[in-house]
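[1] predicted model, plus sequence, below.
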Amino acid sequence: MSTPISTQELKEAFKKLSVLIIGDVMIDAYVWGTSTRSSPEAPIPIVDVEKKEKRLGGAANVALNIKSLGAKPIICSVIGEDQGGTDFLNLLTAQQLSSDCIIRSTERKTTIKNRVFSYDKQVLRIDEESKMPLNKNEYLSLISEITALLHQIDLIIFEDYNKGTITPELIAHVVKKAKVFDLPVVVDPKKENFLAYKEVSLFKPNLKEIQEGLNIGTTASLESLHLAAKALQKELNHSATLITLAEHGMYIHADDMGDEGELLPAFTRKVVDVSGAGDTVIATAALCLAVGLSHHSMSMISNLAGGLVCEQLGVKPIALETLLQEIETHEISLTVAVS
């Protein structure tokens, strides 16, 4: 049985949630400028710098989206004992996000993605990062921090970028603890740990990730996506699969939907930049799941949020009021299960 709720009730429900985000954090660094000439040293443009900016990225951008949607985010991750790490902590402070569960290590490099733009077109990206799995001391420190927080939270998000913070051992430990505390676990996966996320609440790959993770030629057709979701469910024994399909929208398959999945077309948008769209989708879907929205409502709202964030340049969170207004404009029904 389900009952409808209003956007105001959804807003108030989001505000009551505390969300633990475990995963790879990074800095998204931007250089903007103009280019009117090519380098004499190589066939590349010379960009005259006009503006520089650093922003929180990776799991930290998911935290920004969680905060922007009204809930309380807590990030658990490992960064380097380097200038990048110091810059990252300063960015957390500037955004009024806690650094209490951020561990610094002398053996890791803080991930920085440097993007160079000319006339709002990206011409180069330079990555600084460590990809080695956490060592024993880093792992034990992270587990200790996570365990201490489990009684304070309502939801766990794994945000995996294949940078080494998340390992199969960590996943198994956290999922087991989450069951004890009856906490939903939502996953944004990458290839390395793809099949390690067993018995989670929601698994959100994109089309490429499910192709690589299952080693199958899935397409954006309903039949192909349904077969992939069934294969994935057999491997992971999880509750729901949400596959993002870029301009083709989303596909949702869940236990409470029977044997049928649903393909949701994308909302029409003027796409400027797709960076960070996955972070927005996972944050939105996780909060919707935690407040008890049906999987259909969750998918529709997440689909809407993912499109909205693509209308702005650079990695930025989505504003709650904007999302609520769009929900009303598109007359999306909000239903929650009641016992």
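    Structure's in. What do you need?
[2] tell me which residues of stretch 231-240 come out buried.
    232-233, 236, 238-240 (16 or more other CB atoms under 10 Å). The C-beta positions use only the backbone N, C-alpha and C, and glycine is treated the same way.
[3] same question, stretch 14-24
    For stretch 14-24, burial by neighbour count (16+ other CB under 10 Å) applies to 14, 17, 19-24.
[4] which stretches of this structure have low pLDDT?
    Scanning the chain with the threshold set as pLDDT under 70 gives 1, 268-276, 310-315, 338-339.
[5] tell me which residue is most central in it.
    Residue closest to the average C-alpha location in the chain (CA atoms, centre = their mean): Asp279, at 3.0 Å.
[6] that residue and Lys179: what is the separation?
    26 Å (CB to CB, to the nearest Å).
[7] tell me the contacts of the residue nearest to Leu207 when sequence neighbours are not counted?
    Once flanking residues are discounted, Leu207 sits nearest to Leu245: 5.4 Å by CB to CB, 6 or more residues apart in numbering. Neighbouring residues of Leu245 by CB atoms under 8 Å, 6 or more residues apart in numbering: 206-207, 220, 225, 251, 266.
[8] same check on Val309?
    Counted by CB under 8 Å, 6+ apart, Val309 has contacts 276-277, 280, 316-318.
[9] what's the answer for Asp24, then?
    Asp24 touches 58-59, 77, 111, 159-166, counting by CB under 8 Å, 6+ apart.
[10] what strand or helix carries Ile22?
    If you go by DSSP states H and E, Ile22 is part of strand 18-23.
[11] isn't Asn193 up against Leu170?
    No - the pair Asn193 / Leu170 is not scored as a contact, 9.0 Å apart, by CB atoms under 8 Å.
[12] what about the two, which has more around it?
    Counted by other CB atoms under 10 Å, Asn193 and Leu170 do not tie: Leu170 has more neighbours, with 22 against 18.
[13] go through the helix or strand hosting the more buried one and flag the buried ones.
    Leu170 belongs to helix 168-180 when elements are defined using DSSP H and E. Across helix 168-180, burial judged by 16+ other CB under 10 Å covers 170-171, 173-175, 177-178.
[14] among those, which one sits closest to Glu212?
    Using CB to CB, Ile171 comes nearest to Glu212 of the buried residues of helix 168-180, at 18.0 Å.
[15] just the contacts of Leu245 now: which is nearest Pro73?
    Asn206 (22.3 Å).
[16] any idea how far the residue of the chain positioned farthest from its centre lies from Ile46?
    Relative to the C-alpha centroid of the chain, counting by CA atoms, centre = their mean, Pro40 is the outermost residue, at 40.8 Å. Pro40 sits 9 Å away from Ile46, going by CB to CB.
[17] swap in Leu214?
    44 Å.
[18] the more surrounded of the two?
    Neighbours were counted for Leu214 and for Ile46 using other CB under 10 Å; Leu214 has more, 17 against 14.
[19] pretty sure the more buried one is touching Lys234, no?
    No - the pair Leu214 / Lys234 is not scored as a contact, 10.1 Å apart, by CB under 8 Å.
[20] spatially nearest residue to Tyr149 (excluding sequence neighbours)?
    For the record, residue 149 is Leu, not Tyr. Leu20 (5.7 Å).
[21] again, but for Gly84
    Closest to Gly84 by CB to CB, 6+ apart is Thr110, at 3.3 Å.
[22] just say helix, strand or coil for the one you found.
    At Thr110, secondary structure determined by DSSP: H, G, I helix; E, B strand; the rest coil is coil.
[23] which residues sit in contact with it?
    Here Thr110 is in contact with 26-27, 79-80, 82, 84-85, 87-88, 128 (CB under 8 Å, 6+ apart).
[24] and if we set it to 10 Å?
    Thr110 is in contact with 25-27, 78-89, 104, 128-130, counting by CB atoms under 10 Å, 6 or more residues apart in numbering.
[25] among the contacts of Asp24, which are in strands?
    Among the contacts of Asp24, the ones falling in strands (DSSP state E) are 58, 77, 159.
[26] which of those tops the neighbour count?
    Glu159 (28 neighbours).
[27] and the residue farthest from the centre of the chain, how far from Gly33?
    When distance is defined by CB to CB, Pro40 is 18 Å away from Gly33.
[28] again with Ile79
    The gap separating Ile79 from Gly33 is 28 Å, by CB to CB.
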